[in-house]
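> Fold the following, please.
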Amino acid sequence: MLALASAAAAQVSFVSAANAVRPSLVSIVTDKVVPAAGADSGRLGLAETQALGSGFVLDTLGHILTCYHVVAEYSDLTVRFSDDETYSGSAVALVGVDPLTDLAVMKVKTKRAFVPAPLGNSAELDIGQPVMAMGSPFGLEGTATAGIVSGLSRWGEARSSGPDFQDFIQTDALINPGNSGGPLVDVRGRVVGVNSFIRTTRTGPTGIGFATPINLAKSVAEQLIRDGRVTRGFLGISTQAITEGIRQALGLRTRNGVLVTAVEPGRPGDNAGIRPGDAIIAIDGKPIPDARWFQSEVAGRRPGTAVRFGLVRVGQRKTVTATLASWVIPVQRGPKAIPTRSWLGITVNDYRGSESEPGQPSYGVIVTEVEGGTGAEAGLRPGDVVTEINLAPVRNVADFERIEKVMANTGRPLLLRVFRGRQSFYTAVQP
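Have a look, this model is predicted:
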């Protein structure tokens, strides 16, 4: 009897939670330009297609939070509310995007009454806590799938050495195509995350989904609404975790900190006197528990802020002060005429870089969409810039297409050089 009562209570909780969020829930249809073979010449042409996603209302002004990959490379946006009111064209504007956290903010410019979603506190989540993923999977609007919080602080999903400001919530609540950008909701009807993606293998989806914590999403959304972009503190150094062996080799007495592996000339870290081989153990007097915390803490400081770093160099403690620069992430929002190409489970566009930006590529192709498959397995994500395949330069979509024709049927893994922000890494992708 007790078990039946508990099950009934859980059902009532899910029903009331869904009802609390449904007025703020929207489905998003994105018109995009994709490659299409010409009927006569066989050459790559362009065709319009549609992608599906979800989102939810943030405030009474009509701002809507969704995923970056839902709106990347859009040519037109359509937003439909739970009451079937639909807006498109000039009534819908993209306010700003942040590829590093796969988040975007849109705005519906109309006088309708907007009902914001109740927001929770993702820092209070526990493993095993029941949640619902809401959205429009495969265009089925207003869908809710129940599950639990399966894990927290899943950092490694990008599988790269580049900057990663994510901190995913793992859930077994189903997140299917079209769910991206929709809310992950607790039983009290509060949004605790933004549905992002589901892990896939060559045989298909695994049922393991990931959502961006709402606390991180709120911080990003506030900057996008206020400034149109996200600014992050930039030190201009590369670091790695301090293993026990490294700690003993350096003679460190503390287990805290990160080891500096590279310093960009002329950047804030270099100007402050930080050198490769330094062990940075504190920021403004706060101990550094690990490399991820260090990266997020620096990025979370506003550019222009003076920050004190406690470090150990050849057994000697030092304190240096660096004034942070701005971490600028190039965002490409191509018009309809830019050719795209899909291969390896990713869609790419020509990337236009700037040689004046230190540490950023001047050419390549930018990933605009990750559809699943081998590209997703290799950790590629929207906003990544591919500059080499098997050590051969990829300067544009034409190079990408030429290499595909040569390498598509070899059966051997391809080595891609990828830029994510100012960091580059290599990853192997099975064609």
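> okay, CA-based contacts and neighbour counts for the rest of this
Fine.
> Leu103 bridge partners, please.
Legend: beta-bridge partners of Leu103 under DSSP bridges are Asp98.
> doesn't Leu65 make contact with it?
Yes: with contact defined as C-alpha atoms under 8 Å, Leu103 counts as touching Leu65 (7.3 Å).
> For those two, list the residues in contact with both.
181, 221 (C-alpha atoms under 8 Å, 6 or more residues apart in numbering).
> roughly how far out does stretch 118-133 sit from the chain middle?
Using C-alpha atoms, centre = their mean, to the nearest Å, the mean C-alpha position of stretch 118-133 is found 19 Å from that of the whole chain.
> in it, what's buried?
Within stretch 118-133, the residues that count as buried by 16 or more other C-alpha atoms under 10 Å are 118-120, 122, 125, 130-133.
> I'd like the mean pLDDT over stretch 270-277, please.
For stretch 270-277, mean pLDDT rounds to 91.
> Pick the one among the buried residues of stretch 118-133 closest to Ile28.
When the buried residues of stretch 118-133 are compared for distance to Ile28 (C-alpha to C-alpha), Ala133 wins out at 15.9 Å.
> How much space separates the closest one from Ser13?
Relative to Ser13, Ala133 is positioned 14 Å away (C-alpha to C-alpha, to the nearest Å).
> State whether Val418 and Leu391 are indeed in contact, as I suppose.
No: the criterion here is C-alpha under 8 Å, and Val418 misses it with Leu391 at 11.4 Å.
> what about the two, which has more around it?
Counted by other C-alpha atoms under 10 Å, Val418 and Leu391 do not tie: Val418 has more neighbours, with 25 against 11.
> thinking again about what came up before, need the max-distance pair from the buried residues of stretch 118-133.
The most widely separated members of the buried residues of stretch 118-133 are Pro118 and Pro130, with 16.9 Å between them, by C-alpha to C-alpha.
> Please report how far Ala279 lies from Asn19.
Ala279 sits at a distance of 52 Å from Asn19 (criterion: C-alpha to C-alpha).
> Neighbour count: these two, which is higher?
Taking other C-alpha under 10 Å, Ala279 and Asn19 do not tie; Ala279 has more neighbours (28 against 12).
> give the contact list for that one.
Shown in contact with Ala279 (C-alpha under 8 Å, 6+ apart): 257-260, 311-313.
> please redo it, this time with the cut-off set to 6 Å
Going by C-alpha atoms under 6 Å, 6 or more residues apart in numbering, Ala279 touches 258-259, 311-312.
> Tabulate those residues in TSV, adding columns for pLDDT and distance to Glu222.
Shown next, in TSV, are the contacts of Ala279 (pLDDT from 0 to 100; distance: C-alpha to C-alpha, whole Å):
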residue	pLDDT	distance to Glu222
Val258	88	30
Leu259	88	33
Leu311	91	33
Val312	90	37
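> Of the residues you listed, just say which sits nearest to Ser24.
Distances from Ser24 to the contacts of Ala279, taken by C-alpha to C-alpha, are shortest for Val258, at 42.5 Å.
> I figured the closest one was touching Thr243, is that so?
No: contact criterion C-alpha atoms under 6 Å: Val258 and Thr243 do not qualify, at 9.4 Å.
> gap between Asn349 and Ala378?
Asn349 sits 19 Å away from Ala378, going by C-alpha to C-alpha.
> Quick check on those two: which one has the bigger neighbour count.
Asn349 (26 against 20).
> pLDDT averaged over stretch 130-139, what's the number?
pLDDT averaged over stretch 130-139 gives 86.
> Need the distance between the two termini of that stretch.
Stretch 130-139: ends 24 Å apart by C-alpha to C-alpha.
> got the contact list for that stretch?
27, 54, 142-148, 173, 176-179, 182-186.
> hmm, back to that, between Val258 and Thr243, which is the more surrounded one?
Set Val258 next to Thr243 and count neighbours by other C-alpha under 10 Å: Val258 wins out with 27 against 12.
> List the beta-bridge partners for the more buried one.
Beta-bridge partners for Val258, by DSSP bridges, are Ala241, Ile280.
> Check Val263 too.
Going by DSSP bridges, Val263 forms beta bridges with Ile237.
> Look up the pLDDT of Phe114 for me, please.
91.
> wait, is it part of a strand?
No: under DSSP: H, G, I helix; E, B strand; the rest coil, Phe114 sits outside any strand and is assigned coil.
> The residue lying closest to Arg412 once chain neighbours are set aside and Leu391: what is the separation?
Once flanking residues are discounted, Arg412 sits nearest to Gln430: 6.6 Å by C-alpha to C-alpha, 6 or more residues apart in numbering. From Gln430 over to Leu391 the distance is 16 Å, taken as C-alpha to C-alpha.
> and what of Asp98?
Applying C-alpha to C-alpha, the value for Asp98 to Leu391 is 29 Å.
> now swap in Gly233 and tell me
Per C-alpha to C-alpha, Gly233 is found 32 Å from Leu391.
> so what's Pro276 up against?
260-262.
> roughly how far out does the helix or strand where Val194 lies sit from the chain middle?
Element membership for Val194, per DSSP states H and E: strand 191-201. On the basis of C-alpha atoms, centre = their mean, strand 191-201 sits 11 Å off its chain's mean C-alpha point.
> Can you tell me what sits against that strand?
By C-alpha under 6 Å, 6+ apart, the surrounding residues in contact with strand 191-201 are 119-120, 122, 175, 180-185, 206, 208-214.
> which residues in the stretch 151-300 of the chain form helices?
In the stretch 151-300 of the chain, the helices defined using DSSP state H, counting those that start in this stretch lie at 214-227, 244-250, 268-272, 291-300.
> how distant is stretch 13-29 from the center of its chain?
Taking C-alpha atoms, centre = their mean, one finds the center of stretch 13-29 at 23 Å from the center of the full chain.
> got the residue ranges for the helices in the stretch 1-150 of the chain?
With DSSP H, counting those that start in this stretch, the ranges of helices along the stretch 1-150 of the chain come out as 2-21, 68-71.
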